[in-house]
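# Sequence first, then the predicted structure, then my questions.
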Amino acid sequence: MQMNFLSYVQLTSSALPSLTDSKGSLVVVSSLLGRVPTSFSSPYSAAKFALDSFFSSLRRELDVQEVNVAITMCVLGLRDRASAAEGVRGITRVRAAPGPKAALAVIRGGATRASGVFYPWRFHLLCLLRSWMPHSRAWFVRQELNITTPAAA
């Protein structure tokens, strides 16, 4: 929680006065697991859901106060980093997205002051399914899991 949520809040609190004066931008890099919960990720998902809620609320507060600070929420899937691959080995069938392409999507989103970025783009559809058809979303999430043995009691 400290690294995946509280550090973002602390940095934002420190930078917000300068960003307000300069009409700057905040680019928040989050995870698909902050929008679509899945198995075996409860603490991480909780921190990422908190991140999404905090910055969505802050965006509304700034808008009501007519403060011109853009907040871009970047929702990224699994990237091709060794630590990420090791953490999900044997649990998911999801293929990792290239890190440089994800970075480019983040940079484009921040430069255009977009409110949201999804990479790969198909994750935006999955996030929409979360609200519209929760049972279908659960089916899609289950298809990505590699569970071959029942959980221990």
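It's in.
# Show me what the longest helix seen in the chain is packed against.
Longest helix of the chain, by residue count under DSSP state H: helix 42-64. Contact here means 3 or more CB pairs under 8 Å, 6 or more residues apart in numbering; DSSP states H and E; on that basis helix 42-64 packs against helix 7-22, strand 25-31, strand 70-76. For glycine as for every other residue, the C-beta is placed from the backbone atoms N, C-alpha and C.
# Next, count neighbours for residue 102.
21 (other CB atoms under 10 Å).
# winner for burial among the helices and strands packed on helix 42-64?
strand 70-76 (a mean of 22; mean count of other CB atoms under 10 Å).
# Just the pLDDT at residue 80, thanks.
The model reports residue 80 with a pLDDT of 53.
# no wait, residue 101
88.
# any idea how far residue 32 is from it?
Using CB to CB, to the nearest Å, residue 101 is found at 15 Å from residue 32.
# Which of these two has more residues huddled nearby?
residue 32 (22 against 13).
# mind putting the helices and strands packed on helix 42-64 in TSV, mean pLDDT and distance to residue 50 included?
Shown next, in TSV, are the helices and strands packed on helix 42-64 (pLDDT from 0 to 100; distance: least, CB to CB, whole Å):
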stretch	mean pLDDT	distance to residue 50
helix 7-22	96	9
strand 25-31	93	10
strand 70-76	93	13
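# Dump these into JSON lines; add distance to residue 115 as well.
Below are these laid out as JSON lines (distance: least, CB to CB, whole Å):
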{"stretch": "helix 7-22", "distance to residue 115": "16"}
{"stretch": "strand 25-31", "distance to residue 115": "11"}
{"stretch": "strand 70-76", "distance to residue 115": "7"}
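# Thanks again, I'm all set now.
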